[in-house]
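[1] Next comes the sequence, and after it the predicted model I'd like to discuss.
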Amino acid sequence: MGGNGQILRVSVIGTGYLGLTHAVCMADLGHQVLAIDVDAEKIAKAARGETPFFEPGLEPLLRKNLDAGRLRFTDSFAEIGEFGDVHFICVGTPQSKDGTGHADLTYVFGAAEALAPHLNRATLVVGKSTVPVGTSRQLIDRMQAAAPAGELVDYAFNPEFLREGYAVQDSLTPDRIVFGVTGESAETLLRRVFDTPLSSGIPGITMDLETAELVKVAANSFLATKISFINVMAEMCEASGADVIKLADAIGIDERIGRKFLSPGLGFGGGCLPKDIRAFRATAGERGVGSLVDLLTTVDTINLGRRHRVIDLARQALGGDLSGKRIAVLGAAFKPNSDDIRDSPSLDISGRLSDEGAIVSVHDPVAMANAKRVRPELRYADSVHEAADGADLVLHLTEWADYRAIDPAALRATVANPVLIDGRCTLDAAAWRAAGWTVFVPGRPAA
Ligand SMILES: NC(=O)C1=CN([C@@H]2O[C@H](COP(=O)(O)OP(=O)(O)OC[C@H]3O[C@@H](n4cnc5c(N)ncnc54)[C@H](O)[C@@H]3O)[C@@H](O)[C@H]2O)C=CC1
Ligand SMILES: O=C(O)[C@H]1O[C@H](OP(=O)(O)OP(=O)(O)OC[C@H]2O[C@@H](n3ccc(=O)[nH]c3=O)[C@H](O)[C@@H]2O)[C@H](O)[C@@H](O)[C@@H]1O
């Protein structure tokens, strides 16, 4: 522990990608942590020291903190209410199914309602799930009305900025920690919770609840906009015979622009950026901020257009008709170093190709089990060579490091037709061409 090193009793509600990482990292900071989830299997697995999803570095840290006696799991909200000085709400806020793009807040309100009857003393409830601006105020009203010691329950919003694949490092050493509060006492307690990172110089920024809620969705919207910007530049490069990677390198050197999040290709997917920009657009529409609605609609449209562009390229490469054509797809996760397949561009494309009659064989180093569950109609291969066996076309759709290590000459001997579309612009196109492949890279010159 850094600073004054005070150990607090921290509860975490929801143990998905965010919550489990947060619980483990809170324990690693030295706090006593009790975590709960409504999914009994997840809790049982975590209590055995197994992470229910793939996240580099998380499982050893989970075991370390279980062994140290700093981390426990429960299925009892009564126990959680009794335990925590601070309760973090980390449940999902997926896109609602009503077609409006709004966030579905059922789980957040459900968690708050399950916790509230057990809050019998002064305590701080902290929202960490990404929510539309105004949600925290609604939660305060609901919790204060439902808790036996309602007037003693304080509420704060502490958005999370971790990236999957780097979740542990991003949680323990974030760029900044944002405290959305209504008063000094919540800020003081939160500064004690995060004493170690704050003492190491990580900025802690305090603001009102609404600004903190907006900071989170603004950050994700900016990242999404940056990706869509480089992807329209890829379209422009393609229309001009120019090279989007060289363009990204050259503009990215300017510190005001920065090279990060300027990787062109298939665009963004995952459990957060797509649903967060849609929820933000829906809120902006309700509040009459039409220009934000327009901006985010454009970002979303550009993004989804990238998937169609790869499908068009596949059709072109295969003579216009996909029916009966064998296509090997490299990658199923929405990005490398994760087994998360939520809104995965790769699986979306694979499904559409299969719908058009192609025989699609998918490979991924870690996301196969998740992919099979949501896309059982596709074929799955245990190795790149098995996926590519007899293929008419190879699509590189998630940029795992393993795929950069493929020997194109060896793979050429496996396929029926050596044609590659590098949807992520990260393979060494020259080396593949030298090995006899025809290579298409959206946004880069043909050869
Ligand atoms: N996945 C990520 O990298 C990040 C996620 N976020 C935000 O964090 C929130 C959670 O996201 P994920 O962890 O990805 O979702 P997830 O779907 O992996 O996890 C949500 C968990 O909440 C549990 N849950 C639902 N209702 C519950 C209840 N009443 N009581 C206890 N547990 C309950 C579910 O069973 C599930 O395990 C979302 O708002 C997301 O936008 C924010 C930053 C990073
Ligand atoms: O709110 C969240 O849940 C998180 O969403 C994103 O994190 P994550 O979804 O884990 O992954 P990113 O690394 O942001 O990638 C998102 C998508 O954008 C794509 N991407 C990313 C960068 C890029 O240059 N180009 C690009 O197409 C990735 O392939 C991936 O599909 C944000 O980066 C996190 O800061 C945030 O906390």
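    Received the coordinates, thanks. Keep in mind that what you see is a predicted model, and the values were worked out from it rather than measured. Ligands and ions are numbered 1, 2, ... in the order given.
[2] from here on, contacts and neighbour counts on C-alpha atoms
    OK.
[3] Please, where are all the helices along the stretch 151-300 of the chain?
    Here the stretch 151-300 of the chain has its helices, by DSSP state H, counting those that start in this stretch, at 167-172, 184-193, 195-199, 209-240, 244-252, 273-286, 290-317.
[4] residue ranges of the strands in the stretch 301-447 of the chain, please?
    Counting by DSSP state E, counting those that start in this stretch, one finds strands in the stretch 301-447 of the chain at the ranges 326-330, 359-363, 379-380, 393-396, 419-422, 438-440.
[5] can you pull out the strands in the stretch 1-150 of the chain?
    9-13, 32-36, 71-74, 86-89, 123-127.
[6] and the third one, what does it pack onto?
    In this structure, strand 71-74 packs against helix 17-28, strand 32-36, helix 40-47, with contacts taken as 3 or more Cα pairs under 8 Å, 6 or more residues apart in numbering; DSSP states H and E.
[7] How far does the last one sit from its chain's centre?
    Yep, that's helix 40-47 we're talking about. 21 Å (Cα atoms, centre = their mean, to the nearest Å).
[8] ok and that helix relative to strand 32-36, angle-wise?
    Angle, helix 40-47 to strand 32-36, by axes from the mean of the first three to the mean of the last three Cα atoms, to 10 degrees: 160 degrees.
[9] Now do helix 40-47: which elements does it pack against?
    Packing partners of helix 40-47 (3+ Cα pairs under 8 Å, 6+ apart): strand 71-74.
[10] Would you mind telling me which of the strands of the stretch 1-150 of the chain is nearest ligand 2?
    Ligand 2 sits nearest to strand 123-127 of all these, at 13.6 Å, using Cα to the nearest ligand atom.
[11] and the stretch 51-200 of the chain, which residues reach ligand 2?
    Glu160, Phe161, Leu162, Arg163, Glu164 (Cα under 6 Å from any ligand atom).
[12] same deal with the stretch 301-447 of the chain?
    So the stretch 301-447 of the chain meets ligand 2 at Phe334, Lys335 (Cα under 6 Å from any ligand atom).
[13] just the helices in the stretch 301-447 of the chain please.
    Counting by DSSP H, counting those that start in this stretch, the helices of the stretch 301-447 of the chain are 345-355, 368-374, 384-388, 401-404, 408-412, 429-434.
[14] What is the burial count for whichever residue of the stretch 201-350 of the chain sits closest to ligand 1?
    Among the residues of the stretch 201-350 of the chain, Cys272 lies nearest to ligand 1; the distance is 5.2 Å by Cα to the nearest ligand atom. Neighbour count of Cys272, defined by other Cα atoms under 10 Å: 19.
[15] before we move on, what about the one 4 residues further on?
    Residues contacting Asp276 under the criterion other Cα under 10 Å number 26.
[16] what domains does the record give for this structure?
    The chain breaks down by automatic domain parsing into domains covering 9-207, 209-447.
[17] So, low pLDDT: which residues of the protein?
    Low-confidence segments of the chain, defined by pLDDT under 70: 1-5.
[18] of all the residues in it, which ones are close to ligand 1?
    13-19, 36-39, 90-93, 107, 110-111, 129-130, 160-164, 272.
[19] Many thanks, have a good one.
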